[in-house]
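Asks: Dropping the sequence and predicted coords here.
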Amino acid sequence: MKDGVSMFLENTLQLLVKDYEVTIIAPRYSDETYENAKLITFPLYKSIGTDYGFSRINRSIIKKEVKKCDIIFNHESLSPFSSSFFGLLYAKKYNKPFFTYVHSVDFELFTEVIKLPYIIKKIEKLFLRIYAKWFLSRETVTIVSFPTIEKILRDIKVKGKFETVTIGISDIFHPGKSRFSIKDKIVIGYVGRISREKGLDVLLDTFLKLNKKFENIYLLIVGDGPLRYIFSNKENIKVTGFISHLDTSEYFRAIDIFVLPSLTEANSLSTLEALKSGVCCINTDVGAIRDYIKNGFNGFFYYSKDELFNFLEKLINDKNLRKKTGKNASESVKDYTWENTTNKLKQVFEKYK
């Protein structure tokens, strides 16, 4: 499974390379390549206290590549000591337009993923807020996917130019039958990383209660991560582990009710993919999800464990409501295509070039 940044790059690059010569500078996560684009990678090391990592940056390479290019398009997280910091530094030096697409709000995400004492987390969160404000106010163009992300950043006094470019959803996600369907079961599903910030303990506890009441339900966890063990040896629960993006689309079509119990999100690509797959969704009200889920129309928001239990119980018992909500879901995101995303990006680039 690929994360949202990888999917964004993969889908927009194949269209951008028709009009631009592209060089990618990124951490070395794998032997991945991008057709018709030059790829420069830095070694990746696991960081202390988190499940994530950091890369060993070569400033001279960044300086050389920035000097040669016409546009800098940053996708990296808003954290210091990263290649984005040096990209911005040299973009200012050589008077190059600098664009940042905000995929995650790091100062919101950080306190949920870091394994440190509470007071240290609060200090780190404050530091990241200050850094994000400084970084995005350096005469850059900040690109957000939805208006709520801009509001979050405006609330911490980020100044400067904002543009909205909605992320796309691949055409492989659509309603229909799946080879992974589970016969005679109502499948409750989650798709994504299995980690602490995803709030999956709430989903597990709720499902275990429902499993005592209903004999026809099944919990499908599509993905992998450090908290996979919490689902071990539980009845009517399956964890797929890491899978291909194509298989992810098949699993979405096997799900009757998608649940996103995340404590923090920015855009939630998995929710958008669920919507396009025609799946009824129940979500926490976090990040920009409120910009595209209309509560009670194409999905539902819950604000407590009891509400999640009640929504799931209602949807398990009401097939017509699941189908109606799923139909509204797929219809509501029909214009979220990568072609539209890329065309809008080009317009933004040309506006500030």
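Replies: Alright, I've got the coordinates. The structure presented is a predicted model; accordingly, all values stated were derived computationally and were not measured. Residues are numbered from 1 along each chain as shown.

Asks: All the helices of the stretch 251-353 of the chain, in order from the start?
Replies: When secondary structure is read from DSSP state H, counting those that start in this stretch, the stretch 251-353 of the chain shows helices at 269-276, 305-317, 319-332, 338-352.

Asks: Relative to E65, which of the ones you listed is closest?
Replies: E65 sits nearest to helix 338-352 of all the helices of the stretch 251-353 of the chain, at 17.3 Å, using CB to CB. For glycine as for every other residue, the C-beta is placed from the backbone atoms N, C-alpha and C.

Asks: got the buried residues for that closest one?
Replies: Within helix 338-352, the residues that count as buried by 16 or more other CB atoms under 10 Å are 338, 341-342, 344-346, 348-349.

Asks: And for stretch 152-169?
Replies: By neighbour count, with 16+ other CB under 10 Å as the criterion, the buried positions of stretch 152-169 are 152-153, 158, 162-163, 165-169.

Asks: Repeat that for stretch 269-289.
Replies: 269-284, 286-289.

Asks: tell me which helix or strand of this protein sits lowest on mean pLDDT?
Replies: Counting by mean pLDDT, DSSP states H and E, the chain has its least confident helix or strand at helix 106-113, which shows a mean of 61.

Asks: and the helix or strand that it is followed by, what does it pack onto?
Replies: With elements assigned by DSSP states H and E, the helix or strand that comes after helix 106-113 is helix 118-136. Packing contacts for helix 118-136, counted by 3 or more CB pairs under 8 Å, 6 or more residues apart in numbering; DSSP states H and E, involve helix 83-93, helix 106-113.

Asks: and the longest one with helix 118-136, angle?
Replies: Put plainly, it is helix 83-93. Computed with axes from the mean of the first three to the mean of the last three CA atoms, to 10 degrees, the direction of helix 83-93 lies at 30 degrees from that of helix 118-136.

Asks: Give the other helices and strands that helix 83-93 contacts.
Replies: In terms of contacts (3+ CB pairs under 8 Å, 6+ apart), helix 83-93 is packed against strand 22-27, helix 59-68, strand 72-74, strand 98-101, helix 118-136.

Asks: Go again with 7 Å.
Replies: In terms of contacts (3 or more CB pairs under 7 Å, 6 or more residues apart in numbering; DSSP states H and E), helix 83-93 is packed against helix 59-68, strand 72-74.

Asks: can you put the ones you listed in a markdown table and add distance to T264?
Replies: Output for those, formatted as a markdown table (distance: least, CB to CB, whole Å):
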| stretch | distance to T264 |
| --- | --- |
| helix 59-68 | 29 |
| strand 72-74 | 21 |
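
Asks: Mind checking those for the one nearest to N216?
Replies: Between N216 and these, the shortest separation by CB to CB is 47.8 Å, and it involves strand 72-74.

Asks: Buried residues of that closest one, list them for me.
Replies: Judged by neighbour count using 16+ other CB under 10 Å, the buried positions of strand 72-74 are 72-74.

Asks: So what are the sheet partners of that strand and their directions?
Replies: If you go by DSSP bridges, strand 72-74 pairs up with strand 98-101 (parallel).

Asks: How far off centre is the strand it pairs with?
Replies: Relative to its chain's centre, strand 98-101 lies at 17 Å (CA atoms, centre = their mean, to the nearest Å).

Asks: So for it, mean pLDDT?
Replies: For strand 98-101, the per-residue pLDDT values average out at 96.

Asks: returning to what we had before: just the buried residues of stretch 152-169: which are in strands?
Replies: Residues of the buried residues of stretch 152-169 located in strands (DSSP state E): 162-163.

Asks: Return the member of the buried residues of stretch 152-169 nearest to Y131.
Replies: V158 (11.2 Å).

Asks: how close does the nearest residue to the closest one once chain neighbours are set aside sit to F98?
Replies: Once its chain neighbours are removed from consideration, V158 has its nearest residue in L136; the separation is 4.6 Å (CB to CB, 6 or more residues apart in numbering). Going from L136 to F98 by CB to CB, to the nearest Å gives 10 Å.

Asks: L78 too?
Replies: According to CB to CB, L78 and F98 sit 13 Å apart.

Asks: what about those two, which has more around it?
Replies: In terms of neighbours (other CB atoms under 10 Å), L78 is the more surrounded of L78 and F98; the figures are 27 against 23.

Asks: separation between the more buried one and K351?
Replies: L78 is 23 Å from K351, where distance means CB to CB.

Asks: And I152, by the same measure?
Replies: Separation of I152 from K351 (CB to CB) stands at 23 Å.

Asks: one step back: and P43, which of the helices and strands packed on helix 83-93 is closest to it?
Replies: helix 59-68 (12.5 Å).

Asks: Return the set of buried residues in that closest one.
Replies: Buried positions in helix 59-68, judged by neighbour count with 16+ other CB under 10 Å: 62-63, 65-66.

Asks: got a list of contacts for it?
Replies: Contacts made with helix 59-68 from outside it, assessed by CB atoms under 7 Å, 6 or more residues apart in numbering, are listed as 23, 25, 40, 72, 83, 86-87, 90-91, 94, 96.

Asks: now these as TSV including distance to T140?
Replies: Compiled in TSV, the contacts of helix 59-68 are given as follows (distance: CB to CB, whole Å):
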residue	distance to T140
T23	19
I25	17
I40	22
I72	9
S83	15
F86	14
G87	10
Y90	13
A91	8
Y94	14
K96	11
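
Asks: from those residues, which single one is nearest F309?
Replies: Taking CB to CB as the measure, F309 lies nearest S83 of the contacts of helix 59-68, at 44.2 Å.
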